[in-house]
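Chemist: Sequence below, structure please.
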Amino acid sequence: MIQQTLRIVGAIAAKDIGDAIRNRTTLSVILGTLVLMLSSLAMPLLTNLDRRPTALVVDPGRSPVILALTTREDFRLRLARSDEEMRERLGGSTALALGLIIPPGFPDTTPDSGTVTLPGYVPHWASKDDVAALSVFFEARLTEAAGRPVAIDLVGNALYPSPTAFGGHTMAASASGVAILTVGLALAANLLTEENETRTLDALLVSPARYGHVVVAKTLTGLFYCGCAATVAFLVNARWFVHWGLALTATLLGAIFVVILGLLLGSLIGSSFNANMWMGLVALVVLVPGFAGSILGANTAPAVRAAMTWVPSGAMNVLLVHAMLGEIRIAAWGPPLARLTAGAGLIVALMVWRVRRVERHR
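Modeler: Residues are numbered from 1 along each chain as shown. Okay, the predicted model is just below:
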């Protein structure tokens with residue numbers, strides 16, 4: 001019985017996926033996701049056109065040496081108001097920059113013959129070669145300006161994004177989540193409505209296949225579409241992700257939610273035209289919290305930010321952001337994961353109810 005079920009489901013899913021490859025639906029998904037990913041990178045790319053070496057400096061003692069370096073044109077030396085600000089800006093930066101903390105009294109902080117060692121920080125995704133070149137460059141500039149040897153210590157000082165700050169990581173999480181959810185929601189509904197309109201569903205149900213088999217097969221097809229979108233999104237944004245297990249779990253649960261939601265909508269409505277009309281409203285409700293959640297900073301009311309995580313797309317966005325952090329605590333990612341799981345479970349339960357209802361009337 002189980003083998004027959006797997007054979008029927010596999011045959012229907014294989015046919016749908018094969019059709020998607022032949023009629024270039026899969027190619028459209030890949031190209032559409034790629035365009036969305038590149039559009040999310042447009043602003044960072046424009047702001048990163050200035051390729052001059054850049055450093056973000058915390059200088060509580062307001063050293064004249066550092067102040068003089070901020071006027072140089074051959075590189076950029078920017079001041080941060082605090083260590084926390086420097087860490088947040090650098091951790092979420094889309095461009096390589098060096099973070100420095102200048103001790104009070106610089107450069108007269110050690111005996112005249114000694115080397116001044118400054119703690120340095122870089123984004124975690126930066127390559128070792130680029131970091132080494134940037135460190136050597138600023139060591140030379142600081143040594144020249146201070147009149148004594150200056151070394152930059154980067155050991156163990158990789159910076160990760162902040163969970164509350166807006167930056168490249170939040171844009172990457174938002175674009176990835178929206179792409180995956182949009183693909184699943186937009187295509188899943190038509191998987192059933194097309195079968196109804198072409199009368200192929202009736203032909204399928206004359207065979208040993210049952211309505212539940214068809215729904216499971218269409219779910220696998222919808223997840224295949226989401227997988228194509230996720231592959232592109234993760235390849236483009238791979239440098240940001242640290243905890244891949246959390247990212248993949250969030251993606252799978254989010255994809256299950258939207259695919260089955262789309263199938264449920266297609267099953268209830270039956271017409272592609274009507275399903276597409278309703279899809280706009282459903283997409284607005286489902287997708288906006290995920291997008292809004294990525295741009296709500298720490299200054300937003302906690303109640304508003306918390307409310308976004310109760311919607312599955314908002315919970316998925318939070319999980320994708322946390323998958324980019326250095327250290328994560330279950331107290332932070334556990335609740336949104338539970339809400340996303342509950343949302344997916346609820347929609348699956350509704351689909352099971354719908355399948356049983358249809359099978360009773362056939």
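Chemist: Work out for me the element the residue nearest the centre of the chain sits within.
Modeler: Nearest to the centroid of the C-alpha atoms of the chain, with distances taken as Cα atoms, centre = their mean, sits residue 173, at 2.1 Å. Secondary structure from DSSP states H and E places residue 173 in helix 168-197.
Chemist: One more: residue 126?
Modeler: With elements taken from DSSP H and E, nothing contains residue 126; it lies in neither a helix nor a strand.
Chemist: Now the closest residue to it other than its chain neighbours, what are its backbone angles?
Modeler: Ranked by Cβ to Cβ, 6 or more residues apart in numbering and with sequence neighbours excluded, the top spatial neighbour of residue 126 is residue 96, at 5.1 Å. Every residue, glycine included, has its C-beta placed from N, CA and C. Torsion angles at residue 96 (phi, psi; degrees, to the nearest 10) stand at phi -70, psi 130.
Chemist: how many other residues sit next to residue 96?
Modeler: Here the count is done by other Cβ atoms under 10 Å, and residue 96 has 19 residues near it.
Chemist: sec struct for residue 151, please.
Modeler: At residue 151, secondary structure determined by DSSP: H, G, I helix; E, B strand; the rest coil is strand.
Chemist: so what's it closest to, chain neighbours aside?
Modeler: Counting by Cβ to Cβ, 6+ apart, the residue nearest residue 151 is residue 117, at 4.8 Å.
Chemist: domains of the protein?
Modeler: As given by automatic domain parsing, the domain ranges for the chain are 2-40+164-360, 51-159.
Chemist: what's the first-to-last distance across the shortest one?
Modeler: The straight-line separation of the ends of domain 51-159 (Cα to Cα, to the nearest Å) is 21 Å.
Chemist: Next: the longest one.
Modeler: Taking Cα to Cα, the span from the opening residue of domain 2-40+164-360 to its closing residue is 21 Å.
Chemist: Test my guess that residue 217 contacts residue 5.
Modeler: No: with contact defined as Cβ atoms under 8 Å, residue 217 does not count as touching residue 5 (10.5 Å).
Chemist: quick one, which of the two is more surrounded?
Modeler: For residue 217 against residue 5, the residue with the higher neighbour count under other Cβ under 10 Å is residue 217, and the figures read 23 against 15.
Chemist: which SS state does that one fall under?
Modeler: Looking at residue 217 with three-state DSSP, the answer is helix.
Chemist: Can you give me the distance of it to residue 230?
Modeler: Residue 217 sits 20 Å away from residue 230, taking Cβ to Cβ, to the nearest Å as the criterion.
Chemist: Repeat that for residue 81.
Modeler: To residue 230, residue 81 is 38 Å away according to Cβ to Cβ.
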